[in-house]
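*Asks:* for reference, the sequence and a predicted model appear below.
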Amino acid sequence: VCVCVCLFTAVAALAFNAEDVVVTRAWMNSQDDPESRAEKLLSQMTIDEKITMVHGWSGPYVGNVPGNSRLGIPPLNLNDGPQGFRDNAHPGSTTSWPSGLTVAATFNSSSMYQWGAAMGKEFYKKGANVQLGPGMCLARVPVNGRNFEYLAGEDPYFGYIMAQPVVKGIQSQGVIANAKHYVNNNQETNRGSVSENVDERTRFEMYYPAFEGAVEAGVGSFMCSYNKINNVWSCENNSTLTTDLKILNNREKKRFWVMSDWGATHSTSITEGLDQEMPSGNFMGDALKSKILSGAISNATLDNSLLNILTPMFAVGLFDNNNTNSINNNVTSVAHNLLARQLSAESHVLLKNDGVLPLSVSSDKKIGVFGAQAYADVTVHGGGSGQVIPYYVSAPLDAIREKYGIVTKHIPCDQVQYLQNVDFFQPGNPSSDAANASDCCGQCQARPGCNVFTYTGGKCYFKATTEGRVSSDGRISGIVAEPPVCNGGKCVFYSDGSNLTSTQNIAKEVDVAVVFVSTSSSEGSDRTNLLLGNGQEDLISVVSSAAKKTVVVVTTPGAILTDWREEVNAIVTNFMPGQEFGNAATEVLFGDVNPSGHLPLTFPNIENEVGFTTRQYPGLDNAAQAYYDEQLLVGYRWYDAKGVVPAFPFGHGLSYTTFHYTDLKISGMSVSATITNTGSVGGAEVPQLYLGFPSSSGEPPSQLKGFNKVHLAPSASTTVTFNLTDRDVSIWDTQQHAWSKVSGSFGVSVGASSRDIRLHGSMTV
């Protein structure tokens, strides 16, 4: 959904005369199935009432469809986004969760469900009944600006599995999930006009499976994307919307509706598979009504779209549970803060460890914390519709200080020095109404992570640091907290890295150095490259050359280059970790949480390692025509096919313990293996099953077909079983337009990543 939303200027009033027949609401019998209830309701609707529901109107949410009091139809209140309720009018009133790609790094369906259910609960309490998420596009382009939103990573089977629990979690809370962006929204560069030119087999094998998983989970809605597919706009593409999505990928003929992305409707395309235009009614309002009245579009077509909308509304409970909550509500909670921390910690991926981690307060008595990402300028989410402004951000420096018993003591407001005409300019800080500077100071004192405030014009801005000090007429600022450096013999030293000389001096003196680095991305544009930028590579080199031991923690919206990886002792990545970043990272670094995340996408050695030509990305004719010439060779499939060893492969993730794989057994379509924790601490492992198809199939050398997260105490063992289906050993037949089971000998590999295979075997199909 676009960040800037142009809303329709007026909502039509549905007026009815007193002599209107009183309607018996037979559709309110909850014993009937949802589609039958929808059909009964539809039979009582006028054409104007129907038209009202197939386009957006003005209102307080990102998307709005008014309710119908005559028939008891609740309004549709649609809101961003894919990793939490975006409410810029009430910043800090919702949880800033880890992003979709981040939680996907848990490789844990249960965690995905918890994440979805928690988001759904907050949407419900905000009065919304449609969450515009989750995002599930494939990470075809490493620099895609929205990769952080998408839970599919770079693998279609992975996306198929991970989409389902999120959809079920969201909808368990009485909120309809929205699978987006359908389809091939794989770049932000020229997204509003680029044609993604993809052959049929590639679409079905690579780009549809995550959305197919959403269908199987009972998702209530889809969002078609801005781009074209094979030179036809996504939101009027009958091939992808109707034939592929609603028929071929919907074997059980489930009802769901397709809405346009905001402003992505280009015609009255209800006959091509679009059910609802957002955010207004340029094509699906009066223009649609005129075409129906003239017979150009049939009533049956409109009725079908209404059934697609109404059926999931009944199925998810919108009619039976009257949601009277307000968008003004603050829906944050201690329970959700703790869950955000748990999910973020589980999402951390240990990429490298030379025995430095976990850290110990007793042995690493002097720790150096480096980088603006640690305290001065903390990134925890990407930009655009996926951004949620948090009530607070847990900064790593604060969390590490707390770990060392270094308590920040707040200065009482009557002792704070009020700095006149001074601002600590840090865009994006949370704010609240305040009566005066003294009130602002008190609010800062009570707010976690607030050490500095600025008051102006009835607004109080909360800040963690004194970065960005500037003169600004009329503003009043104050510093309410100045933490000490040491607690007895335990010390935490900090440098934001802006002065490399002082940074190097600190690094020389400490027992261990932890460098926090980050880069980000946003809807609307792709990343320029896969570097950290802003001098952060130099910061890593300066610190690692001086320190005894160096740990790097990387916050990133997707793949990143790690040319410096041989210079450091340990590397952890947490993608876009959300508001509990500092606490979660500290728990992992010090071993309170044993890392168990795995990479949902490959980290390359160099820029454009897969060798995309301009024709492939961003596309010919000034990014107007992008051709998927690589076909099935996306991500690790390309690396396997070309024999290239990546910096860090898909599925990779280390632990503070070790696991041994034994006893591979293959019986028919069942594969099992025994996993044993051979280390001294409990931990979680993710055994992964990869199949190698017969060469005649034209498939990549190896592809994921199973994974399962298991938690094991020291010396404990468990047997993990993967039950394959016919679909797992099938390819898409473009002649029959159906899945075709492949016969022959399949390679069977079970391991800890796509490149760390522990057990080999074969099976005949």
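*Replies:* Looks like it arrived, so ask away.
*Asks:* where's the residue nearest the centre of the chain relative to Gly582, distance?
*Replies:* The residue lying closest to the centre of the chain (C-alpha atoms, centre = their mean) is Gly100, at 1.9 Å. Going from Gly100 to Gly582 by C-beta to C-beta, to the nearest Å gives 21 Å. Any C-beta I mention is one placed from the backbone N, CA and C, and that applies to glycine too.
*Asks:* what's the burial count for the closest residue to Phe603 other than its chain neighbours?
*Replies:* Leaving aside its sequence neighbours, Phe603 sits nearest to Phe648 (C-beta to C-beta, 6 or more residues apart in numbering; 4.0 Å). Neighbour count for Phe648, taken as other C-beta atoms under 10 Å: 24.
*Asks:* for Ala374, same thing?
*Replies:* Ala374 has 27 neighbours, counted by other C-beta under 10 Å.
*Asks:* the chain should start at 631 in everything you say after this.
*Replies:* All set: I'll call the first residue 631, so the last point we hit is now Ala1004.
*Asks:* OK, contacts around Ile1236?
*Replies:* By C-beta atoms under 8 Å, 6 or more residues apart in numbering, the residues touching Ile1236 are Leu1191.
*Asks:* what average pLDDT does stretch 714-731 get?
*Replies:* For stretch 714-731, mean pLDDT is 96.
*Asks:* now that stretch, how far from the chain's geometric center?
*Replies:* Centroid displacement of stretch 714-731 relative to its chain, using C-alpha atoms, centre = their mean, to the nearest Å, is 12 Å.
*Asks:* the longest strand anywhere in the chain pairs with which strands, parallel or anti?
*Replies:* For the chain, the strand with the greatest residue count under DSSP state E is strand 1099-1109. Note on strand 1099-1109: by DSSP bridges, its sheet partners are strand 1049-1054 (antiparallel), strand 1082-1086 (antiparallel).
*Asks:* return the set of buried residues in the longest one.
*Replies:* Within strand 1049-1054, the residues that qualify as buried are Leu1049, Val1052, Asp1053, Phe1054, counting by 16 or more other C-beta atoms under 10 Å.
*Asks:* in space, what's closest to the first one - neighbours in sequence excluded?
*Replies:* The spatial neighbour of Leu1049 that comes closest, neighbours along the chain excluded (C-beta to C-beta, 6+ apart), is Ser1107 at 4.6 Å.
*Asks:* do Asp1222 as well
*Replies:* That would be Thr1216: by C-beta to C-beta, 6+ apart, it lies 7.8 Å from Asp1222.
*Asks:* contacting residues for that neighbour?
*Replies:* By C-beta under 8 Å, 6+ apart, the contact set of Thr1216 is Pro1026, Ala1029, Ile1030, Glu1032, Lys1033, Asp1222.
*Asks:* change it to 6 Å
*Replies:* Applying C-beta atoms under 6 Å, 6 or more residues apart in numbering, we find Thr1216 in contact with Ala1029, Ile1030, Lys1033.
*Asks:* and if you look at Pro1020?
*Replies:* Pro1020 sits next to Ser726, Gln1209 when contact means C-beta under 6 Å, 6+ apart.
*Asks:* before we move on, the earlier item: from the buried residues of strand 1049-1054, which is closest to Gly799?
*Replies:* Of all the buried residues of strand 1049-1054, Gly799 sits closest to Phe1054, with 38.8 Å by C-beta to C-beta.
*Asks:* wait, the closest one sits on Phe1083?
*Replies:* No. Using C-beta atoms under 6 Å as the test, Phe1054 is too far from Phe1083 to be in contact (8.7 Å).
*Asks:* where's Ile703 relative to Val760, distance?
*Replies:* In terms of C-beta to C-beta, Ile703 sits 14 Å off from Val760.
*Asks:* who's more crowded, those two?
*Replies:* When Ile703 and Val760 are compared for neighbours, Val760 comes out ahead with 26 against 22, by other C-beta under 10 Å.
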